[in-house]
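Student: attaching a predicted model along with its sequence, questions to come.
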Amino acid sequence: MNDKVKGKINQTKGAVKTKIGNLTDNNKLKSEGLADTIVGKTQEISGNIKQSVKDTKRNLKK
């Protein structure tokens, strides 16, 4: 599984935790959700950068 997919999964997991934390007034769960969302966004950005590097390398070989 690549970083972009892992990132999307973590973002979704984070959003769910945050919503449940808001509904139950659970600050710990809200914080965990925000942290998961940030990790997910970071993973997605990392995946995008890796893909861009691969694309650039491939284009330079042409």
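Tutor: On my side now, so go ahead.

Student: element containing the nearest residue in space to Ile38 that is not next to it in sequence?
Tutor: With CB to CB, 6 or more residues apart in numbering as the measure, Gly14 is the residue that lies nearest to Ile38, at 7.6 Å, once sequence neighbours are left out. (C-beta placed from N, C-alpha, C; glycine too.) For Gly14, the host element (DSSP states H and E) is helix 3-24.

Student: any idea how far Lys41 is from Thr18?
Tutor: Counting by CB to CB, to the nearest Å, the gap between Thr18 and Lys41 amounts to 13 Å.

Student: and for Glu32?
Tutor: 15 Å.

Student: what does Lys30 give?
Tutor: Counting by CB to CB, the gap from Lys30 to Lys41 is 17 Å.

Student: quickly find the element holding the residue nearest the centre of the chain.
Tutor: For the chain, the residue nearest the mean C-alpha position is Gly40 (1.6 Å; CA atoms, centre = their mean). Element membership of Gly40 [criterion: DSSP H and E] is helix 27-61.

Student: leaving out chain neighbours, which residue sits closest to Gln43?
Tutor: Of all residues not flanking Gln43 in the chain, Gly7 sits nearest, at 3.4 Å (CB to CB, 6+ apart).

Student: and Lys50, by the same measure?
Tutor: Counting by CB to CB, 6+ apart, Asp3 is the residue found nearest to Lys50 once chain neighbours are left out, at 6.5 Å.

Student: just checking, that neighbour touches Gly40?
Tutor: No - with contact defined as CB atoms under 8 Å, Asp3 does not count as touching Gly40 (9.9 Å).

Student: what's the distance between Val16 and Lys57?
Tutor: 37 Å.
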